[in-house]
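Colleague: Here you go, sequence then predicted model.
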Amino acid sequence: MSLIGTDVTMVGGIAKVTGAINYAPDLVLPRMLHAKALRSPYPHAKLLRVDASKAEKYPGVVAVVTRDDLTGLNPYFGPVVDDQPVVATDRVRHVGEVVALLAAESREIAEEALDLIQVEYEELPAVFDLLEAAKPDAPVLHAQRNETNAGVHREEFNFELGGNVCSVFRVEDGNIEKGFQEADEIFDNTYTLPPVQHGHIEPHAATAYWEPSGKLVVHSASQNPSGVQEQLAQIFKLPENQVRVIVPPLGGGYGGKTHARLEPALALLARKARRPVQWVLTRDEVFLTGRRYGAVVKIKTGVKRDGTIIAREVQVFYEIGAYALNGPVNAKTGCYVSSGPYNIPNRSLSTYSVYTNLPPTGPFRGVGVSHVCWAYESEMDDIARRLGLDPLALRLRHLVKEGDVFVTGEKLVSVGITDCLQRAAAAIGWKGKEEQSAPPAGKDVVRGKGLAVTIKSTTTPTTSSAQVRLNADGSAILLTSSVDMGQGALTSLAQIVGDELGLPFEKVSVSFPDTDITPYDKSSSSSRTTFHMGQAAQKAAGEIRNQLLEVGAKKLEARIEDLELRDGAVSVRGVPDRRLSITDIFKARFGSSVGSMFGGYCFKTEGGLNARTGKGKAAAFWFFSACAAEVEVDRETGKTRVLRIVTAVDAGKAIHPKQCGLQNEGSMLSGMGSALFEEMVYDNGQPINSSFLEYMLPSMEDHPAEFHSILVETPHPKGPHGAKGVGEAALPPVAPAIGNAIANALGGIRCRDLPIKPDKIVAMLDALKESR
Amino acid sequence: MLTISTTINGSPQDLTVRPNQTLLECLRDDLSLKGSVEGCGVGVCGSCTVLVDGRPVSSCLMLATNAAGKAVTTIEGLSQSGELDPVQKAFLKHQAFQCGYCTPGMIMAVKGLLANHPHPTEAQTRDYLSGNLCRCGTYAEVMAAVKELAEE
Amino acid sequence: MRRFDLVEPTTLEEACSVIVDNGDAKVIAGGTALLTLIKHGIFVPKTLVNLKKIKAASEISFEPQAGLRIGALAAIYDIEASPLVRQHYPVLAEACHVVANIRIRNMATLGGNVAHGDYQSDPPTVLVALDAAVELLSRAGTRQIKLTDFLKGSYETALEPGELISALIVPPAGHLRGTYSKFTTGSSEERPCVGIAALATMDKDICMELRLVIGAVSPKPMRFKSGESMARGERLTAELIERIALAAGQSVDPIDDLRGTADYKRHLVHVLVRRALSAAAQH
């Protein structure tokens, strides 16, 4: 039986159910110290004085680093724009910015000693509102921009506007003005989304030390071992082989651990302390460290009376917080899909990433796409309602199809979106136009169904490399920098390697990322691992496969084409007796039953967009999904109960169907939370719900009674066994599907601002009563 | 410092604990039992769930000294013989986890549930486990695992 | 967590002596609220008096004349699971059951809950409706004070220096029957946006007595006495229920917060009181 498409037992499963996994906060090293950060209480201030001398003398304190310790380093870093200081230099730009980092014998001593660090601030005018921040007269966060580049293609971004607008991205099709002139109806609305938390239950955590030779070793809960290595090498001016990044399994990531966060300051501290130092954030510090972008989406659509959408203009403002991080990438990724997975002849799309004096952001499952999907899928339902059309039919009529040319100018390949939408709609018994009929009078509790679809790219171009080593006993190990963060990457990669080498699943193991051992990978993000690392692993194993077959052909006196690899042996197809075990092959090849065979492959995707035109090739593969939801709304209390959520996701080929389903469920639950109640709230830049007591994640009680995903398989010609990626696919359409279900339950009354909390529903219903 | 006598995973222990030390810190730092982990530190997420005299508690909010005279069971106490506990087996079978960070706490909560309700209904399961958060969203599989255990 | 000293008395009397002798010392019971405050640096104690090792103070007993006595150190879950409570005060078991999660209910004590004075908590709303009293212990002996008088405001109580809560006393409930409804606006795990305790003694369809308490929308649970007297001796018709509910909504003065706007909460009180009274009328 082929390993591909089989629900094998997850790699690391037994360790997970026995609590034996060593997550980043579990590491203990001899003489290890504990770090605590002194953080800014102000959202924007000049740093007049930072004096750690008293704290340094406190018993049990070993070292403190401040801006005075940055001499000789490259003190600024970032994945796109080098605008983040290792520790605050001349000013702080958000509440919670690290001003000093202290290492002590215990967490307790570290916490006490923080009180002794003296800091004088001079408050500066700050800006928190996204649209205010984008205005030319707003207080500017970054007067000077450091625009070096680490790993992302800078030519893909426009940094031309200045002020707090970090980056702009634009793409157009047809003639937008002419399109609107020809339209019979214009729909023009604004949608908003607040920042939300990734909610990985494991906080950010890392441990760093320096070897006497001057080599830096960092253990970190990071989705991006190679990226962290690159950034540290750049900051400390070291060759990459003098920076070793080791990544244990992660207790959740969802995008929140994609970029260097703790590692630079921690490495600096460990250097000064000359001992290993561990830094594990508390939950309230996690809230100050990363989050999903807030956004304002302005969307204008021109429609013919018969329902043909002929023009769409979208302007998106992403609130990226005090530092760029992934903001420009997010804005780009959101831009070209902001009119949806639809064929629309005239469009003008633009996105802006905007700095504010709020804590930093970062990639979040569905990067940039959840924001625009919330807007365009809500609009689709409003358009259908006003024109008296079935929202499903309206979507189907405009959906992109295999071979269509997208707004970026590229041809779309492996497009399963129609299938996704039809199957999701069927799963909840979608009845067509009547789903938008008026709610029954006199009933407090009403029901509604809603649909939504999404399209997303994977970051392109990128690189993944892998090595496979085959032992003489017929066991193999895959060396990969792909991170196990629950998504099951290691399992599906092991399946791909096992399949290629004809090994039983149990004979394949997978390393954890260790940049001394495992080769470069762009990162475990952007739903890219199965497609990219899968191909690297498959081709690396393929090199060994070729060696085995070559030796086998000679030894068995058969043609290579007649051989097959199965059950740990080379045999002549149809003649199972003519076989050589892997040990036999080693003997034949090396004259010994010990040794190793190696295979390696560096896989790179082609593409990229022209920053001026927005045209080119945005994605090595596109992924598609649809969501169908049914809700029950209490019109008196405004409370929504989600009865069912079904998503359909085009996986290309599901290497491990169960794991694909689990990934989708995670997306669905997170999407439901952000639809109904998740929201980070600030008061003048101070977070006011930065604890799980006040910021709740969906619980088992909140879990809908019907909740599953359907896997659609539209093979991708370049994917391993046709596979694409699913990690993020199911998240973006969930909020609009729920929003549409609520609107349908309420007879078309629509909330355009997430989350759709009960008080908003009651206020909308009250406003309607008053207007009558 | 306070000296207490307690039982950890079946073995009687005399421990010296700090007044402000939580049970979670004691388990992790002093006893190297790293299966119980901290997620929120305020008793909401459940990833530090352990059983004290058979009842689930948030070890992040329990002072270590209060384990005196009590029997503490952690995830490490479930498969000491080398054989997995039925709950662990059911979690594996239904793949009731993804990243696994909340899993030890979730499993201990299920132990508490089954001790209270050997044959829980789905409503009882949801009610009892709703305080153990899983951001990977693997609740459906946990419910399936519990359903199977409930039917045994 | 910051350092503090811990004193561990074995009787409540001994604990009283410790807090008199050490004026700075604060009492810790279940610790679920207090340790959260200490961890966040909101409260930085030097000395804590650990009540958790006092065994006798967690008993739950019932006598038909005196009513229910809940030792201050009884865990919320023990109250919810107590056969005595379930039999004589099912609504109290209900309110305890909806507190936080099973772990917290296993740790948190009723005495701690009441002493904390958190207005966004469930049991106090029902206890006020049941006319419960707080038994306070000091070197001078014990005194009782009605819970509604003990709770003075948000995180404010009538606890005097040198005093400890030793028990909660709940008078016999007679034929009072009703419900506690906790309403959350977000996840199931949130604390209440509004909590309504509505208890009635019905004689056929005449309401002999009504107890109506609104929780979580004011600094302490608010007993809505004018609504109670509107119902006394009356048939609980839909029309009367609506009048009481409307008045209840108008009587509260909530604040805007993460759980909802003030306007919304007033509206919610109106709706939930109507629903609770309709349910009580059915009993």
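Modeller: Arrived safely, thanks for sending. Residues are numbered from 1 along each chain as shown, chains lettered A, B, ... in the order given.

Colleague: hang on, residue A:349 in a helix?
Modeller: No: Residue A:349 is assigned strand when assessed by DSSP: H, G, I helix; E, B strand; the rest coil, not a helix.

Colleague: wait, what's in contact with it?
Modeller: A:170-172, A:312-314, A:335-336, A:338-339, A:407, A:614 (CB atoms under 8 Å, 6 or more residues apart in numbering or on different chains). For glycine as for every other residue, the C-beta is placed from the backbone atoms N, C-alpha and C.

Colleague: 10 Å instead, please
Modeller: Contact analysis of residue A:349 by CB atoms under 10 Å, 6 or more residues apart in numbering or on different chains lists A:169-173, A:176, A:299, A:312-316, A:334-339, A:372, A:407, A:614.

Colleague: again with residue B:111
Modeller: Residues in contact with residue B:111 (CB under 10 Å, 6+ apart) are B:49-51, B:54, B:56, B:73, B:75, B:77-78, B:85-88.

Colleague: next one: residue A:233
Modeller: A:74, A:150, A:216, A:239-243, A:245, A:515.

Colleague: By neighbours, which of these wins?
Modeller: residue A:245 (31 neighbours; other CB atoms under 10 Å in any protein chain shown).

Colleague: So which bits of the stretch 151-283 of chain C are right by chain B?
Modeller: Taking CB under 10 Å from any CB of the partner chain as the contact definition, the stretch 151-283 of chain C meets chain B at C:187-189.

Colleague: Let me know the pLDDT of the closest residue to residue C:241 other than its chain neighbours.
Modeller: Once flanking residues are discounted, residue C:241 sits nearest to residue C:277: 4.5 Å by CB to CB, 6 or more residues apart in numbering or on different chains. Looking at residue C:277, its pLDDT stands at 97.

Colleague: give the contact list for residue A:63.
Modeller: Per CB under 10 Å, 6+ apart, neighbours of residue A:63: A:33, A:35, A:52, A:55-56, A:69, A:101-104, A:268-275, A:277.

Colleague: Write out the residues of the stretch 551-700 of chain A neighbouring chain B.
Modeller: Residues of the stretch 551-700 of chain A lying close to chain B (CB under 10 Å from any CB) are A:656, A:658-659, A:661-673, A:691-700.

Colleague: Can you get me a residue count around residue A:559?
Modeller: When neighbours are counted by other CB under 10 Å, residue A:559 registers 10.

Colleague: Could you grab the helix/strand/coil label for the closest residue to it other than its chain neighbours?
Modeller: Nearest non-adjacent residue to residue A:559, counting by CB to CB, 6+ apart: residue A:553, 6.5 Å away. Following three-state DSSP, the label given to residue A:553 is helix.

Colleague: Stretch A:261-276 and chain B in contact?
Modeller: No: on the criterion CB under 10 Å from any CB, stretch A:261-276 is out of touch with chain B, staying 15.4 Å away.

Colleague: Which of the residues in that stretch are classified as buried?
Modeller: For stretch A:261-276, burial by neighbour count (16 or more other CB atoms under 10 Å in any protein chain shown) applies to A:261-273, A:275-276.

Colleague: Go through those and flag which are in helices.
Modeller: A:263-273 (DSSP state H).

Colleague: Give me the phi and psi for residue B:15.
Modeller: Here is the backbone geometry of residue B:15 (degrees, to the nearest 10): phi -120, psi 150.

Colleague: ah, wrong one, I meant residue C:58
Modeller: The phi/psi pair for residue C:58 (degrees, to the nearest 10) reads phi -120, psi 20.

Colleague: Can you name the residues that contact the closest residue in space to it that isn't next to it in sequence?
Modeller: The spatial neighbour of residue C:58 that comes closest, neighbours along the chain excluded (CB to CB, 6+ apart), is residue C:73 at 4.1 Å. By CB under 10 Å, 6+ apart, the residues touching residue C:73 are C:12, C:29-30, C:51-59, C:109-112, C:165-167.
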